[in-house]
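Novice: give the three-dimensional model of this entry:
(3 chains, ligands or ions: 3)
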Amino acid sequence: MSESAHIRVTVNGSPIECDVEPRMLLGDFLRTTLALTGTHFGCEHGVCGACTVIVNGDSTRSCLMFAVQADGGTVETVESLGTIDALHPLQEAFRTHHALQCGYCTPGMLMTALDLIRKRPLANDAEIRDGLSGNLCRCTGYQNIVIAVREAAKVIRASNL
Amino acid sequence: MKPPPFKYLAARTLDEAIDALACSDGEAKVLAGGQSLVPMLNFRLLEPAWLVDINRIPGLDGIQDAAGSLHIGALTRHKTTENAPLIADAFPIVTAAMSHVAHFGVRNRGTIGGSLAHADPAAELPMLAMLLDASITTQSGKGKRTIAAKDFFRGSLATALEPTEILTAVTLPKLPPATGWSFEEISRRPGDFAVAAVAVTITQQGGRCTDARIALAGVGATPIRFPQAERTLIGQTIDAAMANAAAAIVRDQCEPQSDLQGSADYRRHLVGHLVARGIDVAAGARS
Amino acid sequence: MLETTRPKLVGASVKRVEDPRLLTGQGAYTDDFRPNGMLHVGLVRSVHPFARIVHINTAEAKRMPGVIGIFTAADIDGAAKPILATSKMKEYRAVPLPILAKDTVHHVGEAVVAVVATSRYLAEDALRKVEIDYEPLAACTDPEEATRPSAPLVHPSLGSNIALAREFVRGDVPAAMAAAQVRVKGRFRFFRKAALALESRSYLAEFNGGRRELTLHTSTQVPGIVRESLAELLDLPGNSVRVIAPDVGGGFGAKTSVYPEEILVCVLARRLGKPVKYTSDRLEDLSSTSQAFDEVIDAELGVAADGTLLALSADVTGDVGAYSVYPWTAAIEPVQVVSFLPGPYRLANYLGKVRGVITPKVPLGPYRGVGRPVSTFVMERLIDMAAVKLGIDPVAMRLKNLVREDEFPYKVASGIVWDRSAFIECLDAACQKADYAALRTMQHAARAAGRWIGIGIASYAELTGIGSKIPAAPGMPVNTGTETATIRIDATGAVTAIFGVASHGQGLETTLAQIVADDLGVRMEDIRIIQGDTAGRAYVTGTYASRSTVLAGGAAKLAAGAVREKVMLAASHLMEAAVEDLDASNGIIFVRGTDRRMTFKELARKVYVEFSRLPKELQQELEATRLYDPVVGTTSSASHIAMVEVDPISYQVHVLRYVVAEDCGRVVNPMIVEGQVHGGVAQGIGAALLEEVVYSEDGQLMTGSLMDYVLPSATGIPMMDVLHVEAESPSTLGGFRGMGEGGTIGAPAAIANAVSDALSPLGIEINELPATPERIFRLVEQASKQKR
Ligand SMILES: Cc1cc2nc3c(=O)[nH]c(=O)nc-3n(C[C@H](O)[C@H](O)[C@H](O)COP(=O)(O)OP(=O)(O)OC[C@H]3O[C@@H](n4cnc5c(N)ncnc54)[C@H](O)[C@@H]3O)c2cc1C
Ligand code: FES
Ligand code: FES
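Specialist: Ligands and ions are numbered 1, 2, ... in the order given. Alright, predicted model coming up:
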């Protein structure tokens, strides 16, 4: 076993301090050490995007980053968005437009979409599709995801969330 | 699909990273954006004893305008390269190509140094380095080296880098004024590695071509230039026939491989069309 | 205030009940469960397609950190019976599917050694230290070669590589063919594909030794079938086995079979007395989860001068891989191709032959649409080929031959009976929505400008909501035709409705609640739907074959009706009103036209808590269990129209327009139905253009990652228009027809026809799918050589 490293990281606003084995993938750290199982693995080799979280403000595949690399930084996961009773506008849009079926890709989609909404104009559907092209969904055929992101962007920008 | 154990060093300075590599007997790997290295670790295609993380080394990223060239730090993320006004001004072809490099989330972390050091034959940045006659700066315990792109790429996923060397920067000499360009890529899906990609620049003066460059990716073991085809354009007024003739040379000279993405014949077909179109476009309106 | 009945929920796009938890990361998929002391399994899988296991050395692996135990087939010998998929089909042979390979491995990816460790990381470290000596054996990977007498046998005990053979005959095909003015034929091929649910397979077993109780959390579509298997294979009574399919991340058919790893974790949990989990990674998924299609079909269609279909013949060879999956058997995919080949058309003469051939590859299993994506591809291609030859428009050609309203029920040449469904209406509606005439005009203009644009149509029909009279897979010895619902109002007035189906993305918690709410007269939020759990159920199976809305919906209606009757009887007593004057809505029971009312909560309290005050005949629980059997089920149908453009340089196909008109009977939730169609079409487009499991000639798997096995991404799927067409209500309870698979059935055919149409100026026919740029390139090369 390789020796462990001590890390401090802010996850969804809470400071966390603990020892991790260097090879522990950020996604496994979130899922097992912190029991934040909203982040999913769909491939563990960087293609599907299901594991996407936001690290230091950038959407990042948590299967391609080690937890130890997040030391000193901030991580936002799907659990940082809304709650069951008060969904985040992006989550609300996904629900309204039926942008999820099995829900497995959804956390990664949400975190990617959030980053896109924060950074890109998303002036048309083609831009939304391009931005989401690194996140695979096997259930929805993407149509409703595109619509949900389009509508959520409007709401979020209008309310400056 | 979990990575093998390794020892980890988050280097704080370039010297610390270089020392660590020097001490590791070639058993260490540099960790930059991790977008190519970590998948290989997860598949356990590699089992390095050490990972030397260079992400916390200050000054290793950033784009600087230095007399006649742009200097891009190895740790410059794809997202930065994609959005940098300095790049868009001097190398619009790079800006255009960046949207073909993987996806939004991957570009948030992937680095130019990582792309060059990884040397995927179907990657865009190595091909642009070839096209733009980049020079690649490296550093190790033995000192600094500057390697011309044409000497850097040695084979599929193989470069002139020593295991103890760190790629620190890449320098792109600016193109002469009145240089037109084109970038064409065919991939299975947008964001995938290229099945074939073609980059062309054409510099013209008084209606004649004074410099021409043609580079391919996804076709053969390394990104590649075609001096013979380029020479046929120089000194000429470029028209469709010239473009086709040059494209025919490239098509005949390239040595594509057959794989799941496509056969050698299909790639050759693509190359012929893309190069002809690329020359056309580069010689035409855009300059 | 006067109480009135609120508008029905059935038919409304009610927001999904499951969404809030899934959207906030509070869904619970199997891999999310982590009971104390849980151990992880890593599997050493075969790197050879076909080889004898000479020796296994686990000594070094056993010494690795965190390793609890290492198990070979010998180590678990006798702990579980192997899985055996039997069939009533005459010419069918199956071999037992072992939990771990014993003496021989039969495909790359077959599990050989299980490593149990305290984490998946450590398990993977150790499994690399297991040494296995193999002696590679010669095998045929090509199914046609594998049928030759000289071919080496994958399972010598079977005496043949042919796992199954069957023939369907109706009428006199040779005579009808001879009489046909036009005959079109082709060799069609649909390459192998993966279902590829985004959640890969995951199993967690817990064995309570004191109670002799086994609980399995599994990413399955069929918890009921898994429970029956576990009880049988592990020799436990059913009441000691509980199988739970929690949130499941897609299935698409590949999670309907019982997998060796599912049994393995139970064996290990029992052996080790600790919870044991196995979660497959993507490479393992691509090399061990059942796959689809992989058929070669030689087919010929004979047509009269006016376009009337006269005769069809087909010879199907399916590559079924190394084993027969349980319970569906290796027959399910190839036999369904032959059964459904005649499609929704009137056709008197049919000869269909099928063989399923064993090769050293991952077993074939059910995949969304089973057989019908392939049969529809072949039949719809033939129809278009004939239409071109006769100079008849493809729409007119279909309208001429689709079974007409007055001809239902129509018995298809293969024996299937089509229930009345909107065959013709769907085609009309799709054409109207797409503005077919305008599309053709556009196409002509584009073609004149040198663009390769094509329009493709596909019409099909499918059996859905199949009852007990027909097995969901040919010859399969398991009853898939019944569903049982238990509905209970408890002492707090809350409603629990328990089903045997297992939702894995379909939103069954929502649609079933809509049905129950309407029929009981309560609010959605008063209802909890329990599904995907075998606890306390006598016999359940799960969700597959577009059955859940029809069967569970029907059972829900029966049970809800029975409970409502009890509620009304009690209310009649308590409210001193005649039952006929009572109604219920929104959780309130009221006397029509008055302001007398009582909530379900008040009523429940009176029934259960103030029990003794009720007359004897009303002293009963507000609960009912009802079984529903639609006997033969019903028919769903649809027409798809696709417009595509082929890039003249890259030969990539871009889908420009996509319209689906489908008849799924009464639509419970239009939003969910459309979502199912979108997703199904996207998978069909993937199948038609991108997705292919590739084996090398010597049996190595070439597509072991998502870099190599290419799924459609957001940039490759167009916006689609989905229309619902309702024909006269089917005989199913509630008038529901199944619809989960349709999108995937129609899309490959529509795309293949559209691409053929686009390339028709070059004389190119798309008879192989997926139509990758590489394949189109070769066809274009060939065509231009022939021209020269
Ligand atoms: C889904 C997906 C799609 C992708 N598609 C594309 C694509 O279309 N085109 C494309 O070009 N790329 C693509 N990539 C790869 C991506 O661009 C990578 O970011 C890039 O290839 C490697 O950069 P990195 O910084 O992530 O390097 P790492 O993964 O950190 O390292 C890659 C290799 O380079 C070495 N290395 C890294 N930096 C240095 C250095 N400074 N000095 C010495 N050695 C170094 C490492 O040791 C390692 O061997 C894709 C990746 C993914 C996950
Ligand atoms: S799990 Fe990380 S990209 Fe697929
Ligand atoms: S909703 Fe199932 S994978 Fe996207």
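
Novice: any chance you could map the helices in the chain?
Specialist: Went with chain A since none was named. A:26-28, A:89-96, A:106-119, A:125-132, A:143-159 (DSSP state H).

Novice: other chain: chain B
Specialist: Using DSSP H, helices in chain B cover B:14-23, B:37-42, B:78-83, B:85-90, B:92-98, B:104-107, B:112-118, B:124-131, B:149-152, B:227-233, B:240-253, B:264-283.

Novice: please convert those helices to CSV, extending it with mean neighbour count, mean pLDDT and distance to ligand 1.
Specialist: Any C-beta I mention is one placed from the backbone N, CA and C, and that applies to glycine too. Output for the helices of chain B, formatted as CSV (neighbours: other C-beta atoms under 10 Å in any protein chain shown; pLDDT from 0 to 100; distance: least, C-beta to the nearest ligand atom, whole Å):
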stretch, mean neighbour count, mean pLDDT, distance to ligand 1
helix B:14-23, 18, 96, 9
helix B:37-42, 22, 98, 3
helix B:78-83, 20, 98, 6
helix B:85-90, 15, 97, 16
helix B:92-98, 21, 98, 9
helix B:104-107, 26, 98, 5
helix B:112-118, 25, 98, 2
helix B:124-131, 27, 98, 5
helix B:149-152, 19, 98, 12
helix B:227-233, 18, 97, 23
helix B:240-253, 18, 97, 21
helix B:264-283, 23, 97, 16
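
Novice: domain-wise, how is the chain divided?
Specialist: The chain I'm using is chain A. Chain A breaks down by automatic domain parsing into domains covering A:5-80, A:89-159.

Novice: ah, I was thinking of chain C
Specialist: If you go by automatic domain parsing, chain C breaks into C:19-26+C:482-628, C:33-137+C:198-250+C:255-288, C:291-406+C:422-469+C:631-787.

Novice: how far away from the center of its chain is the second one?
Specialist: Its chain's C-alpha centre lies 23 Å from the corresponding centre of domain C:33-137+C:198-250+C:255-288 when counted by C-alpha atoms, centre = their mean, to the nearest Å.

Novice: cool, and the last one?
Specialist: Mean-position distance between domain C:291-406+C:422-469+C:631-787 and its chain equals 16 Å (C-alpha atoms, centre = their mean).

Novice: quick one: is that domain near chain B?
Specialist: Yes: contact of domain C:291-406+C:422-469+C:631-787 with chain B (C-beta under 8 Å from any C-beta of the partner chain) involves C:649-650, C:652, C:690, C:694, C:702-703, C:705, C:707-708, C:710, C:712-713, C:715-716, C:773-774, C:777-778, C:781.

Novice: repeat for the second one
Specialist: Yes: figure legend: domain C:33-137+C:198-250+C:255-288 in contact with chain B (C-beta under 8 Å from any C-beta); contacting residues C:Arg120, C:Tyr121, C:Glu124, C:Asp125, C:Arg128, C:Asp281, C:Arg282, C:Leu283.

Novice: ok, back up a step: chain C is nearest to which of the helices of chain B?
Specialist: helix B:264-283 (4.5 Å; C-beta to the nearest C-beta).

Novice: helices or strands up against that closest one?
Specialist: strand B:179-186, strand B:196-205, strand B:208-217, helix B:240-253, helix C:773-787 (3 or more C-beta pairs under 8 Å, 6 or more residues apart in numbering or on different chains; DSSP states H and E).

Novice: would JSON lines of the ones you listed with distance to C:Ala485 be doable?
Specialist: Below are those laid out as JSON lines (distance: least, C-beta to C-beta, whole Å):
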{"stretch": "strand B:179-186", "distance to C:Ala485": "53"}
{"stretch": "strand B:196-205", "distance to C:Ala485": "57"}
{"stretch": "strand B:208-217", "distance to C:Ala485": "59"}
{"stretch": "helix B:240-253", "distance to C:Ala485": "66"}
{"stretch": "helix C:773-787", "distance to C:Ala485": "48"}
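
Novice: and of the ones you listed, who's closest to chain A?
Specialist: strand B:179-186 (14.0 Å).

Novice: elements contacting the closest one?
Specialist: With contacts defined as 3+ C-beta pairs under 8 Å, 6+ apart, strand B:179-186 has these neighbours: helix B:92-98, strand B:196-205, helix B:264-283.

Novice: can I get the shortest one as CSV, trimmed to CA atoms?
Specialist: The C-alpha coordinates for helix B:92-98 follow below in CSV (Å, rounded to 0.1, in the frame of the first residue of the first chain):
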residue,chain,number,x,y,z
PRO,B,92,-6.4,31.8,-35.5
ILE,B,93,-5.7,28.3,-36.8
VAL,B,94,-4.9,27.2,-33.2
THR,B,95,-8.0,28.8,-31.9
ALA,B,96,-10.1,27.0,-34.5
ALA,B,97,-8.4,23.7,-33.9
MET,B,98,-8.9,23.9,-30.1
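
Novice: ok, back up a step: quick one, which of the residues of domain C:291-406+C:422-469+C:631-787 next to chain B are buried?
Specialist: Among those, those classed as buried by 16 or more other C-beta atoms under 10 Å in any protein chain shown are C:649-650, C:652, C:690, C:703, C:705, C:707-708, C:710, C:712-713, C:715-716, C:773-774, C:777-778.
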